[in-house]
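1. quick one: sequence and predicted model below, then my questions.
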Amino acid sequence: MTDIALSTKGLSRRFGQLVVANDIEIAVPRGARYALIGPNGAGKTTLINLLTGMLRPDGGHIFLGGEDITSLAPETRVKRGLVRTFQINTLFPNLSALESVTLAVLERRGDANNWRRSLPHFKDAIDEAYGILQTLLLGDDCERPTRQLAYGQQRLLEIALALASRPKVLLLDEPAAGVPKEESGELFKAVTGISSDITVLFIEHDMDVVFRFAARIIVMVAGGILVEGTPAEIAADERVREVYLGSHHG
Amino acid sequence: MTMQTAGAAFNPQQVLRAQVRWRLIETIFWAATLLPFVLTPNYLVLCSQIAIAALFALSLDLLVGYSGIVSLGHAVYYGVAAYSAGLIAKAGWGEPLTGLIMASLIAAAVGFLASLIMVRITHFALIMVTLGLCLLMYEVANQLHDITGGDDGLQGIRMWPIFDMFRFDLYGRTAYVYTLIALFISFLAVRRVVNSPFGLSLRGMRENARRMPAIGAPMRARLHVVYVISAFFAGVAGALSAQTTQFVALDALSFQRSAEVLVMLVLGGAGRLYGGLIGAIIFIVARDQLADMNPQYWYFWLGLLLVVVIIFLPNGILGGLARLVSRKGRLS
């Protein structure tokens, strides 16, 4: 048995008549780089919401490592190492980047419920947060409120917040969403820089980026998994061509 | 700022330390709270009222300003503690300090019970439920005439001298010293809470409640704690009011009391610690002055002031001042 970091069995969810997740079975090995692709409305973000507990499945199971996490609260899953970013910036507009990432570090260390000691007392957490910001090239602007950061910087801050939770498995929901094509390379440089201990599953529309960064690709259509394979296999797959590459995407 | 720090070795701890540093202006502010003893010794009773209202607004700031939670029923904790303090004294225990703490702890317990409902709802529902709870408690106090005195208020409260030495005098001298010290200690405590990791997580909830679970924050647990802390300090304010006036009116639990404290906070500027304090000073001094001139029209002026402040200074008076200072700093 290989070392599987994240897997699902028979994961299903419907909204009324609409099936948004249909018997999803995935198994992502530790340290792997997986891309999740599919046309709009295929259920990619829904799958991330199910995996992270922001949405409850109607049926099926989710395993992190060997452990069944299906019934755990979202924040508990984060504590166990399953962390996500958001397609639409989900940041703290009036906190500085430094405060935001320090908060995430404090949450991970279990210090964020301390109301008796002053924040500057937590030196290690602050230094760690600053270190993360530096590696993502946000060090110089870390004092500025998040709302004043450039859009691309905010996308990087999304990743910084996730890394502060020290994920075992990182789910990136379109990390380069809204970033011009010529700048998305920069963002994915940050993604490539993520430690190889961390398993990464990312959603991305740009096929060049997907083929460059993913070792394997999962293709979703209409709430179900159509096919999974290496980039070469996916590129050669007739069904994928039909439903996905044949459509009007990149 | 960034330009300056780019060259020198940048210290992230320094940045956060600077944010929580005790400033000179704060020392000046607290020193100024002593001026009434010299300048307006005939107004010390009013000054106690201001200090109590300031503390009440400060407690609400933890919810409204820092956590981004609206409440239209904050008087519940104020009123419960006021009645508790009064009843403790009437039951024969007139010692002020222990009475104050007991009454505040009762308010904190009510805060915890209320939070069992509050953490499950947000926004509009929260406004309605807090309001509903306030109306409900008001009517309960009204109906329990034998205990609370109902409409007539709770009378016959006798407080012992503080430390067996300082009698509550007619001029309100002892009362003002007592409330001022209670306000200052409470302020230091609240200041520490908002400058702690817990305080940062409250601001995180205010800024983005959706992100918090994604960084591993158990929101409900945090909310329980902030409700308890906020109710405790609202309770200190209510208990002080009962002890210093030796009377509890039914309106301690009223919707009007809940609304007024919110007005004070919004006037002064929510989420800034001093906003509630400044708001309370302006509100109560204005009410005193305007009501002297023409009692019926006090609400007219209050309404006007509120509309003007909200339109021109959406972050309150302190928010406006802060913007002015930072603009001046940029020019020079």
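-> Everything's here; your move. Residues are numbered from 1 along each chain as shown, chains lettered A, B, ... in the order given.
2. what does the stretch 151-300 of chain B put close to chain A?
-> B:192-193, B:195-201, B:203-204, B:207-208, B:210-219, B:221-222, B:225, B:229 (CB under 8 Å from any CB of the partner chain). Using the backbone N, CA and C atoms, a C-beta is placed for each residue, glycine as well.
3. which residues are in contact with the closest residue to A:Thr230 other than its chain neighbours?
-> Once flanking residues are discounted, A:Thr230 sits nearest to A:Arg216: 5.9 Å by CB to CB, 6 or more residues apart in numbering or on different chains. Going by CB atoms under 8 Å, 6 or more residues apart in numbering or on different chains, A:Arg216 touches A:32-35, A:228-231.
4. give me the contacts around the host helix or strand of A:Arg239.
-> Assigned by DSSP states H and E, A:Arg239 belongs to helix A:238-240. Residues from elsewhere that reach helix A:238-240 (CB under 8 Å, 6+ apart): A:219, A:226-227, A:234.
5. where does the residue of chain A most remote from its centre land on pLDDT?
-> No residue in chain A has its C-alpha farther from the mean C-alpha position than A:Arg116, which lies at 33.6 Å (CA atoms, centre = their mean). Note for A:Arg116: predicted pLDDT of 93.
6. repeat that for the one 5 residues further on.
-> In the predicted model, A:His121 carries a pLDDT score of 95.
7. distance check, it against chain B.
-> Separation of A:His121 from chain B (CB to the nearest CB, to the nearest Å) stands at 9 Å.
8. so how many other residues sit close to that residue?
-> Number of residues near A:His121 (other CB atoms under 10 Å in any protein chain shown) recorded here: 18.
9. also the one 10 residues further on?
-> Under the neighbour criterion other CB under 10 Å, A:Gly131 is assigned a count of 15.
10. and it, that's in a helix?
-> Yes: per DSSP: H, G, I helix; E, B strand; the rest coil, A:Gly131 lies within a helix segment.
11. now the helix or strand of chain A with the lowest mean pLDDT: buried residues?
-> Lowest by mean pLDDT, DSSP states H and E among the helices and strands of chain A is helix A:181-192, with a mean of 84. Buried residues in helix A:181-192, counted by 16 or more other CB atoms under 10 Å in any protein chain shown: A:184, A:187-188, A:190-191.
12. any weak-confidence spans in the chain?
-> Picking chain A for this. In the predicted model, chain A carries pLDDT under 70 at residues A:1-2, A:244-250.
13. can you look at chain B instead?
-> Residues of chain B that meet the cut-off, pLDDT under 70, sit at B:1-8, B:329-332.
14. try 80 this time
-> B:1-9, B:291-296, B:327-332 (pLDDT under 80).
15. longest strand in chain A, please.
-> strand A:4-15 (DSSP state E).
16. ok, what's across the strand from A:Tyr34?
-> Taking DSSP bridges as the rule, A:Tyr34 bridges to A:Leu201, A:Arg216.
17. which parts of chain A are strands?
-> Going by DSSP E, chain A shows strands at A:4-15, A:18-24, A:27-29, A:33-37, A:59-64, A:67-68, A:82-84, A:169-173, A:199-203, A:216-221, A:224-229.
18. so which of those is the most packed in?
-> Highest mean neighbour count of the strands of chain A: strand A:82-84, a mean of 27 (counted as mean count of other CB atoms under 10 Å in any protein chain shown).
19. ok so, going back, turn the contacts of helix A:238-240 into TSV, including distance to B:Val325.
-> Formatted as TSV, these follow (distance: CB to CB, whole Å):
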residue	distance to B:Val325
A:Val219	56
A:Leu226	59
A:Val227	61
A:Ile234	58
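20. biggest separation within these, which pair?
-> Largest separation among those by CB to CB: A:Leu226 and A:Ile234, giving 9.7 Å.
21. tell me, what's touching the two both at once?
-> Counting by CB under 8 Å, 6+ apart, the residues touching both A:Leu226 and A:Ile234 are A:219, A:240.
22. ok so, going back, of the strands of chain A, give the one that comes closest to B:Gly276.
-> strand A:82-84 (37.1 Å).
23. starting at the chain centroid, how far to the closest one?
-> 6 Å (CA atoms, centre = their mean, to the nearest Å).
24. swap in stretch A:97-105?
-> For stretch A:97-105, the distance to the chain centre is 18 Å (CA atoms, centre = their mean).
25. circling back: now the strands of chain A in JSON lines, with distance to B:Gly269?
-> Output for the strands of chain A, formatted as JSON lines (distance: least, CB to CB, whole Å):
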{"stretch": "strand A:4-15", "distance to B:Gly269": "43"}
{"stretch": "strand A:18-24", "distance to B:Gly269": "44"}
{"stretch": "strand A:27-29", "distance to B:Gly269": "49"}
{"stretch": "strand A:33-37", "distance to B:Gly269": "45"}
{"stretch": "strand A:59-64", "distance to B:Gly269": "44"}
{"stretch": "strand A:67-68", "distance to B:Gly269": "47"}
{"stretch": "strand A:82-84", "distance to B:Gly269": "35"}
{"stretch": "strand A:169-173", "distance to B:Gly269": "36"}
{"stretch": "strand A:199-203", "distance to B:Gly269": "41"}
{"stretch": "strand A:216-221", "distance to B:Gly269": "49"}
{"stretch": "strand A:224-229", "distance to B:Gly269": "53"}
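26. which one of these lies closest to B:Gly94?
-> Across the strands of chain A, B:Gly94 has its closest neighbour in strand A:82-84 (56.3 Å, CB to CB).
27. ramachandran coordinates for A:Ile69?
-> For A:Ile69, the backbone dihedrals are phi -110, psi 10 (criterion: degrees, to the nearest 10).
28. that one: what's it in contact with?
-> By CB under 8 Å, 6+ apart, the contact list for A:Ile69 reads A:53, A:62-63, A:76-77, A:80, A:82.
29. which two from the residues you listed end up farthest apart in space?
-> Largest pairwise distance in the contacts of A:Ile69, by CB to CB, is 14.5 Å, between A:Phe63 and A:Thr76.
30. how many neighbours does the residue in the stretch 51-200 of chain B positioned nearest to chain A have?
-> Nearest to chain A in the stretch 51-200 of chain B, going by CB to the nearest CB, is B:Phe198, at a distance of 3.6 Å. Neighbours of B:Phe198 under the rule other CB under 10 Å: 23.
31. now what about whatever helix or strand it lives in, what contacts it?
-> Following DSSP H and E, one finds B:Phe198 within helix B:197-207. For helix B:197-207, the external contacting residues (CB under 8 Å, 6+ apart) are A:91-95, A:99-100, A:102-103, A:106-107, A:111-115, A:117, A:119, A:122, A:125, B:62, B:66-68, B:193-194, B:211-212, B:215, B:217, B:219, B:222-223, B:225-226, B:271.
32. next step: the residues you listed restricted to helices.
-> Among the contacts of helix B:197-207, DSSP state H puts A:99-100, A:102-103, A:106-107, A:125, B:193-194, B:211-212, B:219, B:222-223, B:225-226 in helices.
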